[in-house]
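Peer 1: I would like to see how this sequence folds:
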Amino acid sequence: MIKTIAYFPLQCARNSGEVLAAVRGSLNQHGVEIQAQSWDSDAVIIWSVLWHGRMLENREVYNHYRGLDRPVIVIDVGTLIRGVTWKVAVNNITADGHYGHEHNLDWDRPRRLGIGLQNQTLRPEILIAAQHQQSLQMSKVPDQEAWITQQIAQIRSATDRPIVVRSHPRCALNFSQLPLGIEIQAPQRLVNTYDSYDMTVNYHAVVNHNSGPGIQAAVAGARPIVDRSSLAAPVGVDISNIEQPYEVDREQWLVEIAHTEYTIPELEAGLWIQRLEPYL
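Peer 2: Got it, this is the predicted structure:
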C-alpha cells in the first residue's frame, strides 16, 4: 500500500471539492500522507484525464508519474448516476485502467444504487456519440471527424437506418464533410445543473469509442458498438450484427460496472481503497 500521495488542488474541476475531500479523508484514515504539488510521492491523484482547462497541466503530472511506473489515481464524474456516483480508477478511466471490479462482488449493489437493466429502446435511429478530443481516452483517435465518417460508412454497409451524430458538449467538431442525410444533434444543457446535458440513449444502437454513452446504452438495452477499451466492450456488438436482436447476457456485467463508481459516503468510508489496494 502507498504511504504518500501527491495532490494538485488547483488542477481539478470546480465541482470536485466535496468528492476530493471525501477521498482525501479516507486516505488520511488509512495513514496515507497527502503531499501537495509533489513530484516524488508513491502515487498521485488527479481529476479526470481531460487535458483541457483547469486540468490541462494534469497531462504533465500523469506522464511524469506513469514514467516513474507509479500509480495515478483518477477521479471523475460517474456514468451510472451523474452527480451521485463518481468513478475511481488507477491509471485510466477506460477498460485500460484498474478498478478491481471483477472479484469479490456484491451482487446486490446495483439494486442498492438504484440501477437496473432496461429494454426500452424506442427510436429507430443509430446514434454516434462523440467524445472530447483532448481526453486521454481519445489518444488512439487523433482525428475524430475521420473516425465518425468511417463509422458512418461501416453502418451503411450493414443497415439503412437513420443516423444521428452528436458532438461532445464541450468539444465542437467540423461536420461539414459528413454524407448527406445525417442528422446533427446539438447537446442542450439542463437548467439548474453544473454540467449535465440532455443525453438519451433510447436508440436502436449507440456507437461510441470508449466513454459514458456506451455504458449508458448497454444499461438501457441499446446495442453498444464500442472499442475494446470501452467498459461496455464485454456486452457490445459488432456493426455487422447491428440488425440482430440484442440478446447479450448483461447481468454480471452490470454488477461489475456497479463496482467502478462510488457515492460520496462510500468514498469517505474508503471502499474504493479496499478494492484498488492491489494496484496501489
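Peer 1: Kindly confirm my reading that Ile128 is in a strand.
Peer 2: Yes - using DSSP: H, G, I helix; E, B strand; the rest coil, the assignment for Ile128 is a strand.
Peer 1: Strands of the stretch 101-250 of the chain, start to end?
Peer 2: For the stretch 101-250 of the chain, the strands defined by DSSP state E, counting those that start in this stretch cover 126-129, 163-166, 183-185, 205-208, 223-226.
Peer 1: Reformat these as JSON lines; add mean pLDDT.
Peer 2: Output for those, formatted as JSON lines (pLDDT from 0 to 100):
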{"stretch": "strand 126-129", "mean pLDDT": "97"}
{"stretch": "strand 163-166", "mean pLDDT": "97"}
{"stretch": "strand 183-185", "mean pLDDT": "94"}
{"stretch": "strand 205-208", "mean pLDDT": "98"}
{"stretch": "strand 223-226", "mean pLDDT": "98"}
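Peer 1: how near is the residue nearest to Val248 when sequence neighbours are not counted to Ser167?
Peer 2: Once flanking residues are discounted, Val248 sits nearest to Val235: 4.8 Å by Cβ to Cβ, 6 or more residues apart in numbering. Every C-beta, even on glycine, is put in place using the N, C-alpha and C of the backbone. Per Cβ to Cβ, to the nearest Å, Val235 is found 25 Å from Ser167.
Peer 1: can you check Pro234 too?
Peer 2: From Pro234 to Ser167 the distance is 27 Å (Cβ to Cβ).
Peer 1: now swap in Val61 and tell me
Peer 2: 28 Å.
Peer 1: for the protein, where's the lowest mean pLDDT among helices and strands?
Peer 2: Lowest by mean pLDDT, DSSP states H and E among the helices and strands of the chain is strand 183-185, with a mean of 94.
Peer 1: quick one: buried residues of that strand?
Peer 2: Gln185 (16 or more other Cβ atoms under 10 Å).
Peer 1: Tell me which strands it pairs with, and in which orientation.
Peer 2: Sheet pairing for strand 183-185, assigned by DSSP bridges, gives strand 163-166 (parallel).
Peer 1: which residues make contact with the partner strand from outside it?
Peer 2: 125-130, 148, 152, 155, 175, 178, 181-187, 199, 203 (Cβ atoms under 8 Å, 6 or more residues apart in numbering).
Peer 1: which of these count as buried?
Peer 2: 125-130, 148, 152, 155, 178, 185, 199, 203.
Peer 1: mind giving me TSV with these and columns for distance to Gln137?
Peer 2: Output for the buried ones among the contacts of strand 163-166, formatted as TSV (distance: Cβ to Cβ, whole Å):
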residue	distance to Gln137
Glu125	24
Ile126	21
Leu127	18
Ile128	16
Ala129	13
Ala130	12
Ile148	15
Ile152	21
Ile155	22
Leu178	22
Gln185	20
Met199	17
Tyr203	21
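Peer 1: Nearest to Glu251 among these?
Peer 2: Proximity to Glu251 was ranked across the buried ones among the contacts of strand 163-166 by Cβ to Cβ; first place goes to Tyr203, at 22.2 Å.
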